[in-house]
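Asks: could you work out the structure for the sequence below:
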Amino acid sequence: MVDAAPPAAEIFPTYLPILDQGILTAHNLEFDYPFLQAEFARLGTKFVRSETEQLCTVKLSRLMLPDLPSRSLPDLVRHFQFKVGKSHRAEADTLACWLLAEKLLTEILNEADIVLLSRFARQWIPLREAAKLLGCAPAVGQSRLDAANVASRFVGRGRGGTWMYRRGEVEQVVLNGS
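Replies: Modelled structure (predicted):
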């Protein structure tokens with residue numbers, strides 16, 4: 001599909017001014033950002049965006065849609081019935097990401113705080129995030145959460161998996177000092 005496309009060295013310099021302004025937004029930005037940085041580095045240009053200049057719609061959808069079984073972009077396109085074209089194509093995925101960000105940020109603006117907090121509390125977070133909230137190492141956090149009988153589930157397989165916890169229950173452990 002990209003055989004006839006111009007090389008990155010021709011294209012990327014024209015995009016740097018656009019990428020250097022506003023909020024860098026992507027679905028699963030944690031995955032895409034290192035590729036952008038590596039490609040710009042290969043071209044001799046440093047590309048750095050602070051966390052306050054980034055918006056990851058997969059993280060936003062995990063927070064806002066905790067009860068959906070999947071927050072993959074194609075599944076969210078189907079869920080919201082966005083008319084964007086075929087998934088995994090630059091134009092369709094860019095439009096889907098934009099529509100998703102717009103929808104979820106609009107919901108944040110229009111929902112009552114109590115409703116949002118209830119939603120946020122249902123979010124499943126990985127052990128490393130739970131440990132951060134607890135202010136300890138993951139192994140210590142897991143012991144504390146197990147001792148407090150916080151519900152958990154294992155996601156993934158073997159070493160590639162992680163324990164997940166409901167944000168609200170982890171926050172209760174933090175508040176109770178358990």
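
Asks: pLDDT (mean, whole number) over the helix ranked longest in the chain?
Replies: Using DSSP state H to define each element, the chain has its longest helix at helix 90-110. Within the predicted structure, the mean pLDDT of helix 90-110 is 93.

Asks: may I see the buried residues of it?
Replies: Of the residues in helix 90-110, those buried by neighbour count under the rule 16 or more other CB atoms under 10 Å are A92, D93, L95, A96, C97, L99, L100, A101, K103, L104. From N, CA and C alone the C-beta is placed, and that goes for glycine too.

Asks: which strands and helices sit next to that helix?
Replies: Packing partners of helix 90-110 (3 or more CB pairs under 8 Å, 6 or more residues apart in numbering; DSSP states H and E): strand 24-26, helix 57-64, helix 73-80.

Asks: so which bits of the last one are buried?
Replies: Translated: helix 73-80. L73, L76, V77.

Asks: ok, the second one touching L100?
Replies: Yep, that's L76 we're talking about. Yes. With contact defined as CB atoms under 8 Å, L76 counts as touching L100 (5.7 Å).

Asks: name the residues contacting each of those two.
Replies: Contact criterion CB atoms under 8 Å, 6 or more residues apart in numbering; residues shared by L76 and L100: S61, F82.

Asks: distance check, the residue minimising distance to the centre of the chain against K46.
Replies: Geometric centre of the chain, nearest residue: K59, 2.5 Å, by CA atoms, centre = their mean. The gap separating K59 from K46 is 25 Å, by CB to CB, to the nearest Å.

Asks: domain assignment for the protein?
Replies: Per the record, the chain has its domains at 8-115, 123-176, by automatic domain parsing.

Asks: looking at those, which one has the lowest mean pLDDT?
Replies: domain 8-115 - the lowest mean pLDDT of those, at a mean of 90.

Asks: quick one: which of the buried residues of helix 90-110 is nearest E39?
Replies: Set against E39, the nearest of those by CB to CB is D93 (17.6 Å).

Asks: check contacts around the closest one.
Replies: Counting by CB under 8 Å, 6+ apart, D93 touches H27, L73, V84, S87.

Asks: ditto for N176
Replies: N176 sits in contact with A148, where contact means CB under 8 Å, 6+ apart.

Asks: need phi/psi at it.
Replies: phi -80, psi -10 (degrees, to the nearest 10).

Asks: just R153 next, same as before
Replies: Main-chain torsions, R153, degrees, to the nearest 10: phi -150, psi 150.
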